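K.L.:
would you be able to build a 3D model of this:
(2 chains)
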2 protein chains.
Amino acid sequence: MAELPQRVRIREVGPRDGFQNEPETIDTFDKVRLIDQLGRSGLGRIEVTSFVRPDVIPQLADAAAVLEAIDVPPDVSLSVLVPNERGLDRALEHRDRFHEVSVFLSASETHNRRNVNRSVAESLDGLRRVLARAREAGLRCEGVISTAFGCPFEGFVAPERVAEIARELRDAGCDEVGFGDTTGMANPKQVGALFPYWRDMLGAEIELTAHFHNTRGQGLANVLAALYAGVDSFESSFGELGGCPESGPAHPATGNIATEDVVSMLEEMGIATGVDLPALIVATGMARDVLGRALGSHVATAGPVEWRTRGAG
Amino acid sequence: MAELPQRVRIREVGPRDGFQNEPETIDTFDKVRLIDQLGRSGLGRIEVTSFVRPDVIPQLADAAAVLEAIDVPPDVSLSVLVPNERGLDRALEHRDRFHEVSVFLSASETHNRRNVNRSVAESLDGLRRVLARAREAGLRCEGVISTAFGCPFEGFVAPERVAEIARELRDAGCDEVGFGDTTGMANPKQVGALFPYWRDMLGAEIELTAHFHNTRGQGLANVLAALYAGVDSFESSFGELGGCPESGPAHPATGNIATEDVVSMLEEMGIATGVDLPALIVATGMARDVLGRALGSHVATAGPVEWRTRGAG
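P.N.:
Numbering: from 1, shown residues only, chains lettered A, B, ... in the order given. Here you go, the predicted structure:
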């Protein structure tokens, strides 16, 4: 077995990726207190919101208000998602309130067209302008590639094509590229093969981040495979919040991997996350109350292993 | 990375471990048609029921009726759980209806006493008599060690103690020893270290089986770690049915690992299970209807990866 990393970076994406997929509008005040609690849990990175068109995603219409109101420790790196230059313009009005931007596109033409009504080449053209201006503004940049492990419309996605898009993002100014398993099609064998390949294709400098979904229950197995493949940067969502278009309302457990489940597994393995698990579970409990339904997270229900063994004997 | 096995054996334990933990009595007829559907899904091993005292576990009071009524292909190896000689006596009245017995005890004294009101040594004494008689009757024997990766009362469980108990079971006639992560405390690093150690302690002949729970969302990550540690025998439960005393009614997803999730991950990795995933998902759908609630299984909700990619392009 390869060496495991001693520590990993986790970006909490629940406030954007999770909230965005909730059918009921979440009150701005609730978003703010949830993000504040996340910020107090030791998470090093939080994706706070997205500057998308409010008529397209009304749930995030309060992006500016959220960004202005949150109060998190100064060492937490905050990011916002921007789909295009107009979104970047809106974000830059609050430049002193965040540190990073994330941009996104899909590796598959069909998924990209369904998602943003553009070809992949057109998306890359637009993102080059966004990234250039974001860098001018002193922002760190992440590019996220959706359907990097498979596409629900096209099926197989060529790893070479994903690498090509990743190189374009790198050359356009991304410090970090995220590889998204958008609909939970990745398996550990594939993950273990692809990350070393992408690392070879992209060089040692750039940060490679894994973004897995738990759609088929295999999310943490993919995290393990990624760890053994040298990945030490992950995105996840507290409460397992987040989107999976294939999930039905009767089944809450098919979104992103749950941050608390990731943290629990890694800390039990002796890999440092910096996260205070009980504080994170408080955030998930608050989210459950706000949303009024059971969440998919396991550790928030069962409790950390430590709670079972502390003082035992 | 170590070599992955080309094929694995899976024992479906839902009809025993799963049903046993359901609060509402399941009709015998429903149990039979669920087991028949499982038998048609290509599973090589099914744990059908348990001959426990009907006043202790009323849910399984129909053990004999179920065993007599099921109709599964002749190549499916059927097992029953027996707690003691009395249970074995009852099972042997239906000797021609099954092939294997499973016996169980806990590695931790506290858990064993709470579960069966005996010390581990007393349990081993009783099981030696059960196993001797089962072997006389020509039955294959499995011994399952609960809390093999940690105990909710005692915390740490010494791997040496688990190995000692496993050796006792082997010497008493077990062809197979199962290692149970009874309350979901195992992590992949531990799993990856313990199975090679137990293999060393027990020799090459005996079958070592991993029985994981998904209590903290890490069940399939533990399966992956076990695969890399040379394990090729697993127990799981369709629909993620099964017991975890720490799970609340609001959260269905904290029992055994779901057989369909295991099968999906392994088949996607190119590891043969022999299971027809769509047929297994039919069984889970039937169980959901019988139980009248959403189940924790992911793949039964999202569908196999293949359904997303078949004919795509």
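K.L.:
for the stretch 151-300 of chain A, what spans make up the strands?
P.N.:
A:176-180, A:207-211, A:233-236 (DSSP state E, counting those that start in this stretch).
K.L.:
next one: the closest residue to residue A:95 other than its chain neighbours from residue A:91, what distance?
P.N.:
Nearest-residue entry for residue A:95: residue A:137, 6.0 Å, with adjacent residues in sequence omitted and distances by CB to CB, 6 or more residues apart in numbering or on different chains. (Glycine included, C-beta is placed from N, CA and C.) Noted for residue A:137: a distance of 9 Å to residue A:91, by CB to CB, to the nearest Å.
K.L.:
those two: which is more packed in?
P.N.:
Between residue A:137 and residue A:91, residue A:91 has the larger neighbour count (other CB atoms under 10 Å in any protein chain shown), namely 26 against 12.
K.L.:
these two touch, right, that one and residue A:79?
P.N.:
No - using CB atoms under 8 Å, residue A:91 is not in contact with residue A:79; the gap is 9.9 Å.
K.L.:
joint contacts of the two?
P.N.:
Counting by CB atoms under 8 Å, 6 or more residues apart in numbering or on different chains, the contacts common to residue A:91 and residue A:79 are A:98, A:101.
K.L.:
is the residue of the stretch 51-200 of chain A found nearest chain B in a bridge, and if so with what?
P.N.:
Nearest to chain B in the stretch 51-200 of chain A, going by CB to the nearest CB, is residue A:155, at a distance of 3.3 Å. With DSSP bridges as the criterion, residue A:155 is bridged to residue A:151.
K.L.:
give me the pLDDT for it.
P.N.:
The per-residue pLDDT reported for residue A:155 equals 91.
K.L.:
which stretches of the stretch 101-250 of chain A have low pLDDT?
P.N.:
Where the stretch 101-250 of chain A drops to pLDDT under 70, the residues are A:243-250.
K.L.:
tell me which parts of it are close to chain B?
P.N.:
Residues of the stretch 101-250 of chain A found near chain B (CB under 8 Å from any CB of the partner chain) are A:150-156, A:183-185, A:187-190, A:192, A:214-221, A:223-225, A:228, A:244, A:246-248, A:250.
K.L.:
try it again with 7 Å
P.N.:
Counting by CB under 7 Å from any CB of the partner chain, the stretch 101-250 of chain A comes close to chain B at A:150, A:152-156, A:183-185, A:187-189, A:192, A:214-218, A:220-221, A:223-225, A:228, A:246-248, A:250.
K.L.:
buried subset of these?
P.N.:
A:150, A:152-155, A:183-185, A:187-189, A:192, A:214-218, A:220-221, A:223-225, A:228, A:246-247 (16 or more other CB atoms under 10 Å in any protein chain shown).
K.L.:
show the contacting residues for residue A:282.
P.N.:
Applying CB atoms under 7 Å, 6 or more residues apart in numbering or on different chains, we find residue A:282 in contact with residue A:37.
K.L.:
on that earlier part again, most tightly packed of the strands of the stretch 151-300 of chain A?
P.N.:
With neighbours defined as mean count of other CB atoms under 10 Å in any protein chain shown, these peak in mean count at strand A:233-236, which reaches a mean of 26.
K.L.:
tell me which other helices or strands that strand touches.
P.N.:
strand A:9-12, strand A:207-211, helix A:259-268 (3 or more CB pairs under 7 Å, 6 or more residues apart in numbering or on different chains; DSSP states H and E).
K.L.:
need the ones you listed in JSON lines (columns: distance to residue B:210).
P.N.:
Shown next, in JSON lines, are the helices and strands packed on strand A:233-236 (distance: least, CB to CB, whole Å):
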{"stretch": "strand A:9-12", "distance to residue B:210": "28"}
{"stretch": "strand A:207-211", "distance to residue B:210": "25"}
{"stretch": "helix A:259-268", "distance to residue B:210": "16"}
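K.L.:
and among the ones you listed, the most buried is which?
P.N.:
Among the helices and strands packed on strand A:233-236, highest average neighbours (mean count of other CB under 10 Å) belong to helix A:259-268, with a mean of 27.
K.L.:
can you give me the helices in the stretch 51-200 of chain A?
P.N.:
A:63-69, A:85-92, A:109-116, A:120-136, A:159-171, A:188-202 (DSSP state H, counting those that start in this stretch).
K.L.:
just the CA coordinates of the longest one, formatted as PDB?
P.N.:
Going back to what we said before, that points to helix A:120-136. What follows is helix A:120-136, C-alpha atoms only, in PDB (Å, rounded to 0.1, in the frame of the first residue of the first chain):
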ATOM      1  CA  VAL A 120     -17.000  22.900 -23.600                       C
ATOM      2  CA  ALA A 121     -14.800  25.100 -25.800                       C
ATOM      3  CA  GLU A 122     -17.200  28.100 -25.300                       C
ATOM      4  CA  SER A 123     -17.200  27.500 -21.600                       C
ATOM      5  CA  LEU A 124     -13.400  27.500 -21.600                       C
ATOM      6  CA  ASP A 125     -13.300  30.700 -23.500                       C
ATOM      7  CA  GLY A 126     -15.600  32.400 -21.000                       C
ATOM      8  CA  LEU A 127     -13.700  31.000 -18.000                       C
ATOM      9  CA  ARG A 128     -10.400  32.300 -19.300                       C
ATOM     10  CA  ARG A 129     -11.700  35.800 -19.100                       C
ATOM     11  CA  VAL A 130     -13.200  35.200 -15.700                       C
ATOM     12  CA  LEU A 131     -10.000  33.700 -14.400                       C
ATOM     13  CA  ALA A 132      -7.700  36.400 -15.800                       C
ATOM     14  CA  ARG A 133      -9.800  39.100 -14.100                       C
ATOM     15  CA  ALA A 134     -10.100  37.100 -10.800                       C
ATOM     16  CA  ARG A 135      -6.300  36.800 -10.700                       C
ATOM     17  CA  GLU A 136      -5.900  40.500 -11.300                       C
END
